[in-house]
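> can you look at this prediction? I've put the sequence above it.
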Amino acid sequence: MKLDEILRHPEGKTLEYKRDLSSPGPALRTLVAFANAAGGRLIIGVADASRAVVGVSQPLDLEERIASLVADSIEPRLLPEIEIVPWRKLYVVIVTVHPSALRPHHLRSEGPARGTYVRLGSTNRAADAALIGELSRRVGAEGFDEEPLADLDSEAIDFGAASQCFAEH
């Protein structure tokens, strides 16, 4: 997708704009949230509300800084695509994250319990323990009903309810 097409869209589940990377924390939370959900694009050099392209100075340095921040700050390792895109006489940096098979990802500095984020609309939200567990299960394509319950035996089965459920079979 070309930049002019992207700029037509407001921030949402898979798209976030940042004017700059002066404070990397929010951008890193966004990348973690994208990896833990449907993926997405972080566009640096675009004003959030107006979607006006303000550009970035030193795009090559910014690309290297983003790569270092991601490598040093996110666990498990995340490998986003980082692209420098020209826009008239300016440059923007687009960081694309695909849904990760290694999720849940988290910010190393906050740890798994506090640093795991998901995307809710156009915002990032900290995941609670139940959601972190669900993210882990989704990777293995296991639902809660497929987890072993080692402390239960055959006496725990409600055979009356099972018989009703399978009566026609």
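Received the coordinates, thanks.
> in this structure, which spans are strands?
Under the criterion DSSP state E, the chain contains strands at 15-18, 40-44, 74-75, 81-87, 90-97, 106-107, 117-120, 123-126.
> can you pull out the low-pLDDT segments for this protein?
For the chain, the stretches with pLDDT under 70 are 1, 140-148.
> for stretch 99-116, buried residues please.
For stretch 99-116, burial by neighbour count (16 or more other CB atoms under 10 Å) applies to 100, 103-107, 110, 115-116. Quick note: C-beta positions are derived from backbone N, CA and C, even for glycine.
> kindly report the same for stretch 35-52.
35-37, 39-46.
> who's in contact with V46?
By CB atoms under 8 Å, 6 or more residues apart in numbering, V46 lies in contact with 7, 17-19, 52-54, 92.
> so what's the residue nearest the centre of the chain up against?
Geometric centre of the chain, nearest residue: F34, 1.9 Å, by CA atoms, centre = their mean. With contacts defined as CB under 8 Å, 6+ apart, F34 is in contact with 14, 40, 42, 97, 119.
> so it versus E81, what's the distance?
Computed as CB to CB, to the nearest Å, the F34 to E81 distance reads 12 Å.
> now do the closest residue to R138 other than its chain neighbours against N36, distance only.
Once flanking residues are discounted, R138 sits nearest to R103: 7.4 Å by CB to CB, 6 or more residues apart in numbering. For R103, the distance to N36 equals 5 Å [CB to CB].
> what is in contact with those two at once?
Counting by CB under 8 Å, 6+ apart, the residues touching both R103 and N36 are L135.
> quick revisit: joint contacts of F34 and E81?
Common neighbours of F34 and E81 (CB under 8 Å, 6+ apart) are V97.
> what sits against A37?
13, 99, 118-119.
> ditto for S109
73, 115.
> now do the buried residues in the longest helix seen in the chain.
Secondary structure assigned by DSSP state H gives helix 59-73 as the longest helix of the chain. Neighbour counts over helix 59-73 (16+ other CB under 10 Å) mark 59, 62-63, 66, 69-70, 73 as buried.
> now distance to L28 too, for the residues you listed, in CSV please.
Formatted as CSV, the buried residues of helix 59-73 follow (distance: CB to CB, whole Å):
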residue, distance to L28
P59, 19
L62, 14
E63, 15
I66, 9
L69, 6
V70, 7
S73, 5
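> around the closest residue in space to L69 that isn't next to it in sequence, how many other residues sit close by?
Excluding its sequence neighbours, the residue lying closest to L69 (CB to CB, 6+ apart) is P24, at 5.4 Å. Around P24 there are 16 other residues, counting by other CB atoms under 10 Å.
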